[in-house]
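Asks: Just need the structure, nothing else, for what follows:
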Amino acid sequence: MRRRRGSAAILAAGILAGLTACGSGSAAAFQPAGSLSPAPVQTPLPGQAAQHLGGFRFPGDVSIDFTTPAPDDPARRAVIDGYQNYVLALWAAVLSHGKVSAYQQQATGNALAFVRREVARYGAAGTSVKGTITYHDARVAGIYFGTGADVLACVDASAFHQVNAQTGATVGPALPVRLTRYLENVAEGRRSDGTWFVSRLAVYPASSTQGAMCR
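Replies: Model prediction:
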């Protein structure tokens, strides 16, 4: 289910270094609601999502799909919402070449550094992305004292491609080849308003021992 209506082996050390403490404050998180079919649909994100994304419209040839049903438990559902919001903000930032800045409220620490790195990589090279990236088998590994949480999710980027922004021609995979399929582990922090943001990011290729569950 894509939520528009309702990231042996760690990703490069420079991305995963410099972990910082969870951020704080009451900056509002954008909250996609409802569901769309997996087929690419050129539709604006509605409601709060569209507002916090500045009316950003995902291109019709891009699908950010979440296929894991939302948890029944409200506390765990809020954590998953925080993770999905981070993912949507990441790719909205890449596709808009940094003009959509929702990621600044959705990420801190090395997760924020990762988003900025991807934005710079695609913006400077005159490239973009197209295709489908799927986030599946997502689960909340734990919630700690009500203010911290750990999330695991498998990511399939095999149908997600880097393209020439002018011609649309495929240049290569959207992410490094070793990350065609991978396990993403994020730590989240909870704001005073009850919303969640990503504070730390680690990525394990499916070929590694840590990421084997995502093969």
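Asks: Centre-most residue in this protein?
Replies: Nearest to the geometric centre of the chain sits residue 87, at 1.6 Å (CA atoms, centre = their mean).
Asks: Residue 146 versus that one, what's the distance?
Replies: 23 Å (CB to CB, to the nearest Å). (Glycine included, C-beta is placed from N, CA and C.)
Asks: tell me the contacts of the closest residue to residue 183 other than its chain neighbours?
Replies: Of all residues not flanking residue 183 in the chain, residue 211 sits nearest, at 3.8 Å (CB to CB, 6 or more residues apart in numbering). Going by CB atoms under 8 Å, 6 or more residues apart in numbering, residue 211 touches 9, 181, 182, 183, 204, 205.
Asks: How confident was the prediction at residue 211?
Replies: pLDDT recorded at residue 211 is 96.
Asks: Phi, psi for it please.
Replies: According to degrees, to the nearest 10, the main-chain angles of residue 211 amount to phi -100, psi 10.
Asks: so how far is residue 58 from it?
Replies: 27 Å.
Asks: Equivalent analysis for residue 117, please.
Replies: If you go by CB to CB, the gap between residue 117 and residue 58 works out to 21 Å.
Asks: if you count what's nearby, which of the two comes out ahead?
Replies: A count of neighbours by other CB atoms under 10 Å puts residue 58 above the other of residue 117 and residue 58, at 23 against 14.
Asks: pretty sure that one contacts residue 64?
Replies: Yes: counting by CB atoms under 8 Å, residue 58 does reach residue 64; the two are 7.0 Å apart.
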